[in-house]
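[1] have a look; sequence and predicted model below, questions after that.
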Amino acid sequence: QVRLVESGGGLVQAGGSLRLSCTASGRTVSIYAMGWFRQAPGNEREFVTAIRWRSGIIYQRDSVKGRFTISRDNAKNTVYLQMNSLKPEDTAVYYCAASSSYYTDYAAKSRFDYWGQGTQVTVSS
């Protein structure tokens with residue numbers, strides 16, 4: 001089992017920045033990738049970005065390219081999401097996720113086994 005704890009959400013004005021963190025504990029040696037998803041009210045949970053734990057290969061949705069950056073600190077079992085140039089449409093609950101299996105890509109919810117509790121990000125216009 002892997003436990004994920006997120007932090008760093010909050011309220012920010014459009015154009016501002018936030019940094020989310022997610023620390024994994026438990027059976028972390030089984031992690032192949034970690035990622036971030038988000039869910040706005042009335043919407044499905046959607047993929048934002050993910051990173052392969054060993055190679056560092058990154059996957060991103062088009063709407064966040066150039067604005068969001070995922071990074072990892074393997075020694076701390078922590079993944080970060082730096083969000084810049086935030087827009088009101090980025091408002092959502094952001095969830096950290098971990099995958100314990102190998103896939104050719106990680107741009108889908110089905111690739112992930114473990115989920116954090118979520119952290120609210122609100123961007124005001």
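    Great, that's in hand.

[2] these two touch, right, T23 and V2?
    No: taking CB atoms under 8 Å as the definition, T23 is not a contact partner of V2, at 10.7 Å. Using the backbone N, CA and C atoms, a C-beta is placed for each residue, glycine as well.

[3] comparing the two, which residue is more hemmed in?
    Neighbours were counted for T23 and for V2 using other CB atoms under 10 Å; V2 has more, 20 against 17.

[4] beta-bridge partners for that one, please?
    Listed beta-bridge partners, V2: G26 (assigned using DSSP bridges).

[5] confirm that A107 sits in a strand.
    No: with DSSP: H, G, I helix; E, B strand; the rest coil as the criterion, A107 is assigned coil and is not in a strand.

[6] contacting residues around it?
    F47, A50, Y59, R61 (CB atoms under 8 Å, 6 or more residues apart in numbering).

[7] for G9, see how far away the residue nearest in space to the middle of the chain is.
    When the chain is reduced to its mean C-alpha position, the nearest residue by CA atoms, centre = their mean turns out to be W36, at 1.8 Å. Plainly put, W36 is 11 Å away from G9 if you go by CB to CB, to the nearest Å.
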